[in-house]
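# Turn this into a model:
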Amino acid sequence: MLIRRGIDRGALHGLRVSANGTPISHLFFADDSVLFGHASVEEARGMVEVLRTYARGSGQAVNLSKSSIFFGSKTSNRVRKKIGQTMGIQCKSGFGRYLGLQSDFGHSKKVVFEEVRDRLESRLAGWAEQFLSQAGKEVLVKAVAMAMPNYAMSCFKLPIGVCRDLEKAIRNFW
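Modelled structure (predicted):
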(Lines give C-alpha, C1' and ligand atoms only; values in the text may rest on other atoms or scores of the structure.)
Protein backbone atom coordinates (compact mmCIF):
# COMPACT_ATOMS: atom_id res chain seq x y z
CA MET A 1 0.00 0.00 0.00
CA LEU A 2 2.85 2.39 0.81
CA ILE A 3 4.50 1.65 -2.53
CA ARG A 4 1.21 2.14 -4.38
CA ARG A 5 0.73 5.51 -2.66
CA GLY A 6 4.29 6.48 -3.63
CA ILE A 7 3.49 5.67 -7.26
CA ASP A 8 0.20 7.60 -7.09
CA ARG A 9 2.06 10.63 -5.68
CA GLY A 10 4.70 10.38 -8.41
CA ALA A 11 7.52 9.76 -5.91
CA LEU A 12 8.03 6.20 -7.23
CA HIS A 13 7.70 4.92 -10.77
CA GLY A 14 8.53 1.23 -10.99
CA LEU A 15 9.85 -0.44 -14.13
CA ARG A 16 7.94 -0.76 -17.40
CA VAL A 17 8.72 -3.90 -19.37
CA SER A 18 6.92 -2.47 -22.41
CA ALA A 19 5.91 1.05 -23.42
CA ASN A 20 2.22 0.51 -22.61
CA GLY A 21 2.70 -2.04 -19.82
CA THR A 22 1.86 -1.66 -16.16
CA PRO A 23 4.93 -0.69 -14.16
CA ILE A 24 6.42 -3.31 -11.85
CA SER A 25 7.25 -1.60 -8.58
CA HIS A 26 8.23 -4.55 -6.38
CA LEU A 27 8.54 -8.30 -5.90
CA PHE A 28 8.03 -9.82 -2.45
CA PHE A 29 8.65 -13.38 -1.34
CA ALA A 30 8.99 -14.45 2.28
CA ASP A 31 11.63 -12.11 3.71
CA ASP A 32 13.15 -11.10 0.34
CA SER A 33 12.12 -7.97 -1.53
CA VAL A 34 13.10 -6.34 -4.80
CA LEU A 35 12.10 -2.72 -5.45
CA PHE A 36 12.19 -1.22 -8.94
CA GLY A 37 12.48 2.45 -9.83
CA HIS A 38 14.14 5.16 -11.85
CA ALA A 39 17.81 5.90 -11.23
CA SER A 40 17.36 9.32 -9.65
CA VAL A 41 18.08 10.79 -6.25
CA GLU A 42 14.44 11.88 -5.95
CA GLU A 43 13.23 8.31 -6.51
CA ALA A 44 15.80 7.04 -3.99
CA ARG A 45 14.46 9.50 -1.42
CA GLY A 46 10.93 8.25 -2.14
CA MET A 47 12.02 4.65 -1.56
CA VAL A 48 13.82 5.57 1.65
CA GLU A 49 10.67 7.31 2.91
CA VAL A 50 8.51 4.28 2.10
CA LEU A 51 10.96 1.96 3.89
CA ARG A 52 11.15 4.26 6.94
CA THR A 53 7.36 4.53 7.15
CA TYR A 54 7.09 0.76 6.92
CA ALA A 55 9.71 0.31 9.65
CA ARG A 56 7.94 2.76 11.99
CA GLY A 57 4.58 1.07 11.45
CA SER A 58 5.68 -2.56 11.57
CA GLY A 59 8.76 -2.52 13.77
CA GLN A 60 10.65 -4.33 10.99
CA ALA A 61 13.61 -2.53 9.47
CA VAL A 62 15.47 -3.32 6.26
CA ASN A 63 18.92 -4.77 6.87
CA LEU A 64 20.98 -2.34 4.79
CA SER A 65 24.14 -4.44 5.12
CA LYS A 66 22.37 -7.30 3.28
CA SER A 67 20.85 -4.96 0.68
CA SER A 68 22.27 -3.88 -2.64
CA ILE A 69 21.42 -1.66 -5.57
CA PHE A 70 21.60 -2.64 -9.22
CA PHE A 71 21.67 -0.04 -11.99
CA GLY A 72 21.13 -0.16 -15.72
CA SER A 73 24.22 0.14 -17.90
CA LYS A 74 23.43 3.74 -18.88
CA THR A 75 23.47 5.09 -15.32
CA SER A 76 26.55 7.22 -14.68
CA ASN A 77 28.94 6.42 -11.83
CA ARG A 78 28.20 9.84 -10.27
CA VAL A 79 24.45 9.09 -10.10
CA ARG A 80 25.10 5.56 -8.79
CA LYS A 81 27.27 6.90 -5.99
CA LYS A 82 24.78 9.63 -5.05
CA ILE A 83 21.85 7.20 -4.93
CA GLY A 84 23.89 4.74 -2.86
CA GLN A 85 24.69 7.48 -0.37
CA THR A 86 21.07 8.64 -0.26
CA MET A 87 19.80 5.15 0.47
CA GLY A 88 22.70 4.03 2.65
CA ILE A 89 23.06 0.88 0.56
CA GLN A 90 26.15 -0.45 -1.20
CA CYS A 91 26.23 -0.49 -4.99
CA LYS A 92 27.19 -3.81 -6.58
CA SER A 93 27.87 -4.87 -10.11
CA GLY A 94 25.28 -7.43 -11.10
CA PHE A 95 21.94 -8.07 -9.48
CA GLY A 96 23.21 -10.61 -6.98
CA ARG A 97 21.15 -13.46 -5.64
CA TYR A 98 17.42 -13.74 -5.07
CA LEU A 99 15.95 -16.77 -3.29
CA GLY A 100 19.23 -18.64 -3.59
CA LEU A 101 19.63 -18.28 -7.35
CA GLN A 102 21.74 -15.89 -9.38
CA SER A 103 19.35 -13.17 -10.55
CA ASP A 104 21.36 -11.62 -13.38
CA PHE A 105 20.55 -13.90 -16.30
CA GLY A 106 22.32 -11.98 -19.03
CA HIS A 107 22.28 -13.79 -22.35
CA SER A 108 22.60 -17.37 -21.15
CA LYS A 109 20.27 -19.07 -18.68
CA LYS A 110 22.51 -22.12 -18.88
CA VAL A 111 25.32 -20.23 -17.11
CA VAL A 112 22.98 -19.32 -14.23
CA PHE A 113 21.71 -22.87 -13.81
CA GLU A 114 25.17 -24.40 -14.00
CA GLU A 115 25.38 -23.44 -10.33
CA VAL A 116 22.50 -25.84 -9.59
CA ARG A 117 24.35 -28.58 -11.46
CA ASP A 118 27.65 -27.76 -9.72
CA ARG A 119 26.04 -27.95 -6.25
CA LEU A 120 24.49 -31.31 -7.09
CA GLU A 121 27.75 -32.70 -8.50
CA SER A 122 29.64 -31.48 -5.43
CA ARG A 123 27.21 -33.22 -3.10
CA LEU A 124 27.33 -36.42 -5.15
CA ALA A 125 31.14 -36.37 -5.16
CA GLY A 126 31.14 -36.23 -1.36
CA TRP A 127 28.81 -39.20 -1.15
CA ALA A 128 30.83 -41.17 -3.70
CA GLU A 129 33.80 -41.15 -1.31
CA GLN A 130 31.74 -42.97 1.31
CA PHE A 131 31.08 -46.68 1.23
CA LEU A 132 27.32 -46.71 0.77
CA SER A 133 25.05 -49.63 0.08
CA GLN A 134 22.70 -49.54 -2.91
CA ALA A 135 19.86 -48.84 -0.46
CA GLY A 136 21.82 -45.95 1.06
CA LYS A 137 22.53 -44.51 -2.38
CA GLU A 138 18.86 -44.86 -3.30
CA VAL A 139 17.76 -42.93 -0.22
CA LEU A 140 20.26 -40.14 -0.88
CA VAL A 141 19.30 -39.88 -4.55
CA LYS A 142 15.55 -39.83 -3.86
CA ALA A 143 15.58 -37.66 -0.72
CA VAL A 144 18.36 -35.20 -1.46
CA ALA A 145 19.75 -35.27 -5.01
CA MET A 146 16.33 -35.24 -6.71
CA ALA A 147 15.13 -32.48 -4.36
CA MET A 148 18.09 -30.12 -4.85
CA PRO A 149 17.06 -28.73 -8.26
CA ASN A 150 13.33 -28.70 -7.37
CA TYR A 151 13.19 -25.06 -6.31
CA ALA A 152 14.91 -23.81 -9.45
CA MET A 153 12.68 -26.04 -11.56
CA SER A 154 9.54 -24.78 -9.84
CA CYS A 155 10.42 -21.18 -10.71
CA PHE A 156 12.14 -21.51 -14.09
CA LYS A 157 12.15 -23.74 -17.12
CA LEU A 158 15.64 -25.16 -16.98
CA PRO A 159 17.49 -25.54 -20.28
CA ILE A 160 17.37 -29.13 -21.53
CA GLY A 161 21.18 -29.33 -21.43
CA VAL A 162 21.18 -28.58 -17.69
CA CYS A 163 18.48 -31.22 -17.09
CA ARG A 164 20.55 -33.77 -19.01
CA ASP A 165 23.64 -32.84 -16.97
CA LEU A 166 21.70 -33.36 -13.72
CA GLU A 167 20.42 -36.75 -14.87
CA LYS A 168 23.90 -37.78 -15.99
CA ALA A 169 25.47 -36.81 -12.66
CA ILE A 170 22.87 -38.80 -10.72
CA ARG A 171 23.20 -41.76 -13.09
CA ASN A 172 27.00 -41.77 -12.70
CA PHE A 173 26.70 -41.70 -8.91
CA TRP A 174 24.17 -44.55 -8.96
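# In terms of residue numbering, what are the domains of the protein?
Residue ranges of the domains in the chain are recorded as 2-97, 105-173, according to automatic domain parsing.
# Next up, the contacts around the residue in the chain sticking out farthest from the centre.
No residue in the chain has its C-alpha farther from the mean C-alpha position than S133, which lies at 37.8 Å (Cα atoms, centre = their mean). With contact set as Cβ atoms under 8 Å, 6 or more residues apart in numbering, S133 has no partners. Quick note: C-beta positions are derived from backbone N, CA and C, even for glycine.
# I'd like to know how far it sits from W127.
Separation of S133 from W127 (Cβ to Cβ, to the nearest Å) stands at 12 Å.
# Only the buried residues of stretch 141-150, if you could.
For stretch 141-150, burial by neighbour count (16 or more other Cβ atoms under 10 Å) applies to V141, A145, M148, P149.
# My understanding was that L158 contacts E114; is that so?
No. The pair L158 and E114 fails to qualify as a contact (Cβ atoms under 8 Å) at a distance of 10.6 Å.
# Have a look at these two and say which one is more surrounded.
Under the criterion of other Cβ atoms under 10 Å, the comparison of L158 against E114 puts L158 first, with 20 against 17.
# quick one: contacts for that one?
Taking Cβ under 8 Å, 6+ apart as the criterion, L158 is in contact with K109, F113, V116, P149, A152.
# How many neighbouring residues does the closest residue to V144 other than its chain neighbours have?
Closest residue to V144 in three dimensions, ignoring its sequence neighbours and counting by Cβ to Cβ, 6 or more residues apart in numbering: R123, at 6.9 Å. If you count neighbours by other Cβ under 10 Å, R123 ends up with 16.
# wait, doesn't R123 sit right on A147?
No. In terms of Cβ under 8 Å, R123 does not count as a neighbour of A147; the distance is 10.8 Å.
# so is F28 in a helix, a strand, or just coil?
Here F28 takes the strand state, with states given by DSSP: H, G, I helix; E, B strand; the rest coil.
# do the same with L158
Classification of L158 into helix, strand or coil gives coil, according to three-state DSSP.
# pLDDT score for it?
What the model reports for L158 is a pLDDT of 79.
# For A169, report the pLDDT, please.
Spelled out, the predicted local distance difference test score at A169 is 85.
# what about the residue nearest to it when sequence neighbours are not counted, distance to N150?
Closest residue in space to A169, ignoring its immediate chain neighbours: E121 at 5.0 Å, by Cβ to Cβ, 6+ apart. Counting by Cβ to Cβ, the gap from E121 to N150 is 16 Å.
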